[in-house]
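>>> Got a predicted structure here, sequence first:
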There are 2 protein chains.
Amino acid sequence: MSWRKDQGRAERGYHHGNLKEALLQAALDLISKKGPAGFTFADAARMAGVSPAAPYRHFRDRDELIASIAQRGFEQFESLLTQAWDDGRPDTVSAFERVGKAYLAFAREEPAFYSAMFESGLPVDSNPTLMAASERAFAIIRAAAERLAALAPPGTPRPPAMMMALHIWSMSHGVASLFGRGDAARRKLPMSPEDLLEAEVLIYLRGLGFLTDRNPGTAAADEKPAGPWGKPK
Amino acid sequence: MSWRKDQGRAERGYHHGNLKEALLQAALDLISKKGPAGFTFADAARMAGVSPAAPYRHFRDRDELIASIAQRGFEQFESLLTQAWDDGRPDTVSAFERVGKAYLAFAREEPAFYSAMFESGLPVDSNPTLMAASERAFAIIRAAAERLAALAPPGTPRPPAMMMALHIWSMSHGVASLFGRGDAARRKLPMSPEDLLEAEVLIYLRGLGFLTDRNPGTAAADEKPAGPWGKPK
DNA sequence: GGCTCATGTAAAAGCCGTTCACATGAGCTG
DNA sequence: CAGCTCATGTGAACGGCTTTTACATGAGCC
């Protein structure tokens, strides 16, 4: 266990010693509990055991704290996507799907980061650092799409990788936003968000002419192709 | 022009006469300008020319006002989608695409409604009326999907309409959320959100085995099918 | 040991949401 | 038209939040 300077709790001198980190941590807790709107600067200060003015030594204002969190979120997001993509191993298509699942997993398991990144109403493009982090995360999807595009069946026009990447991103984001977080306020589904997204991506890839059936022995668009949404009995 | 009780501006007696409506209107203005988080109850009251306590005669609290706006938003949304769908005229596929475009148009032209409906962090399922309005809007997409599913090419398994509807919804919502509003903070695109979504939907429909080429004379998945994202030169 | 500057505090101003007792006057009742 | 009533608006007040300012503390360096 960590020992000293635990959570701002225990006896500490005039100086906190690690306030910036403690504030970020507290903010994450609060945002995941009450959403980015419900989070207050004062609460975070209280949780860290300092006065309401102390945070201003580390963040220009409340928005900058949220931006910092979004920043870290994009970094973790990038790392998660990179790991999921795993440079296309063992095969491009299944790695591609893993990326979609990772997107959903991130939205579900890190709702505070996800909120800060996508739902906080921050002007993303006004903050170059933040923008860059977001671009780096998207670049993973972009790279994956590039590799996939290169596999386009011969004889068919090669789809633009950028467009594919944007499509995949919007699907993942749409599913995550609408149905992603179990706890919060959403809608009942006949299937899990993961399955929903997987079917969506598979149908989309098939629309591009990729072989997406589980058993890659068969050609696409032949006699009675099985639907990617599950076999009929 | 309207004449009396104009905008809360002019001389009015002790009673406003139409405060509820004026508040909703003011809130719409404010939300579209500063986002649902930036909107304040007091500001709306000021804009309507009444004291900060007056709104409480019409709304239990700030959240109820936002919920009212979301409610109206869903109603307008439903009506817009209904109109776009036009009962599947002149043909199912093109009507289906019109629905997608209508989704984007709504997000762009009514950002305040859109924010209140999808980005305000309201617990949608805690408000039965709101939930019902949202269901009615989704029902349009659902009905369109149903009609489309019935057109599935013979010999192929018929896709579940509910799943199709959820897919289309998530695509539309994803594109709208990520790239939808021109003014606000988003990302640069190599194509318009409308074109992006149209291509996405067409590829998806093709993946389901529908004939989506512009010229419906040709069968799908034949020699050198043209990509739905635009012809190569 | 003493200086300096980053870091934290206290106090205050201004805003917001919300409540409560009270004021007003629109519309009904007779 | 007189009078009553109740929906609707007001003013003042409370507590909380954000942010600023002047001041306090003490960690790190000479």
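Looks like it arrived, so ask away. Numbers count the residues shown, from 1 in each chain, chains lettered A, B, ... in the order given.
>>> any idea how far A:Val99 lies from A:Val93?
A:Val99 sits 11 Å away from A:Val93, going by Cβ to Cβ, to the nearest Å. Placement of C-beta: from N, CA and C, glycine included.
>>> So if I had to pick from these two, which one is more boxed in?
When neighbours are counted by other Cβ atoms under 10 Å in any protein chain shown, A:Val99 and A:Val93 differ, and A:Val99 comes out ahead with 23 against 17.
>>> quick one: contacts for the more buried one?
By Cβ atoms under 8 Å, 6 or more residues apart in numbering or on different chains, the residues touching A:Val99 are A:Leu81, A:Ala84, A:Trp85, A:Ile140, A:Ile141, A:Ala144, A:Ile168.
>>> okay, those residues in a markdown table with distance to DNA strand C next?
As requested, the contacts of A:Val99 are exported to a markdown table (distance: Cβ to the nearest atom of the strand, whole Å):
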| residue | distance to DNA strand C |
| --- | --- |
| A:Leu81 | 33 |
| A:Ala84 | 36 |
| A:Trp85 | 37 |
| A:Ile140 | 34 |
| A:Ile141 | 37 |
| A:Ala144 | 40 |
| A:Ile168 | 39 |
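>>> Show me what from chain A comes close to DNA strand D.
Within reach of DNA strand D by Cβ under 7 Å from any atom of the strand, chain A has these residues: A:13-15, A:40-43, A:52-53, A:56, A:61-63.
>>> are any of these buried, and which?
A:Phe41, A:Asp43, A:Arg62 (16 or more other Cβ atoms under 10 Å in any protein chain shown).
>>> Okay, and which of those residues map to helices?
A:Phe41, A:Asp43, A:Arg62 (DSSP state H).
>>> out of these, who's near chain B?
For chain B, no contacts are drawn from those by Cβ under 8 Å from any Cβ of the partner chain.
>>> Look up how far A:Val124 lies from A:Pro52.
Counting by Cβ to Cβ - A:Pro52 and A:Val124 are separated by 28 Å.
>>> Same check on A:Lys33?
In terms of Cβ to Cβ, A:Lys33 sits 24 Å off from A:Val124.
>>> can you check A:Trp229 too?
From A:Trp229 to A:Val124 the distance is 34 Å (Cβ to Cβ).
>>> what does A:Ser51 give?
31 Å.
>>> what's the answer for A:Ile168, then?
The value you get for A:Ile168 to A:Val124, if Cβ to Cβ is used, is 19 Å.
>>> And A:Ala132, by the same measure?
11 Å.
>>> Could you check which of these two is surrounded by more residues?
A:Val124 (20 against 11).
>>> The more buried one reaches A:Ala133, doesn't it?
No. A:Val124 is not in contact with A:Ala133 according to Cβ atoms under 8 Å; the separation is 9.7 Å.
>>> give me every residue that touches the closest residue to A:Phe39 other than its chain neighbours.
Once flanking residues are discounted, A:Phe39 sits nearest to A:Leu30: 4.4 Å by Cβ to Cβ, 6 or more residues apart in numbering or on different chains. A:Leu30 makes contact with A:Gly38, A:Phe39, A:Thr40, A:Asp43, A:Ala44, A:Met47 under the criterion Cβ under 8 Å, 6+ apart.
>>> Next, give me the two most distant ones among those residues.
A:Gly38 and A:Met47 (13.7 Å; Cβ to Cβ).
>>> Comparing those two, which shows the higher neighbour count?
Higher neighbour count among A:Gly38 and A:Met47: A:Met47, with 18 against 11, using other Cβ under 10 Å.
>>> Export stretch A:13-29 to CSV, keeping only CA atoms.
Provided in CSV are the C-alpha atoms of stretch A:13-29 (Å, rounded to 0.1, in the frame of the first residue of the first chain):
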residue,chain,number,x,y,z
GLY,A,13,2.0,20.2,7.0
TYR,A,14,1.2,23.5,5.4
HIS,A,15,2.1,22.1,2.0
HIS,A,16,0.4,19.2,0.5
GLY,A,17,3.3,17.9,-1.4
ASN,A,18,1.3,16.3,-4.2
LEU,A,19,-1.7,18.5,-4.6
LYS,A,20,-1.9,18.5,-8.4
GLU,A,21,-2.1,14.7,-8.6
ALA,A,22,-4.5,14.6,-5.7
LEU,A,23,-6.8,17.0,-7.4
LEU,A,24,-6.8,15.1,-10.6
GLN,A,25,-7.6,12.0,-8.7
ALA,A,26,-10.4,13.6,-6.8
ALA,A,27,-11.8,15.1,-9.9
LEU,A,28,-11.9,11.7,-11.6
ASP,A,29,-13.8,10.3,-8.6
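>>> can that stretch be found next to chain B?
No. Using Cβ under 8 Å from any Cβ, stretch A:13-29 never reaches chain B; the gap is at least 15.6 Å.
>>> Between the ones in helices among the buried ones among the residues of chain A next to DNA strand D, which sits nearest chain B?
A:Arg62 (11.0 Å; Cβ to the nearest Cβ).
>>> what does the model give the closest one for pLDDT?
A:Arg62 carries a pLDDT value of 95.
>>> Which residues lie in contact with the residue nearest to it when sequence neighbours are not counted in this structure?
Among residues not flanking A:Arg62 along the chain, A:Phe41 sits closest, at 4.6 Å (Cβ to Cβ, 6+ apart). By Cβ under 8 Å, 6+ apart, the contact list for A:Phe41 reads A:Pro52, A:Pro55, A:Asp61, A:Arg62, A:Leu65.
>>> And those, which is closest to A:Gly207?
A:Leu65 (42.8 Å).
>>> Which secondary structure element is home to the closest one?
Assigned by DSSP states H and E, A:Leu65 belongs to helix A:62-85.
>>> need the residues of chain A near DNA strand C, please.
A:Tyr14, A:His15, A:His16, A:Gly17, A:Leu19, A:Val50, A:Ser51, A:Pro52, A:Ala53, A:Ala54, A:Arg57, A:His58.
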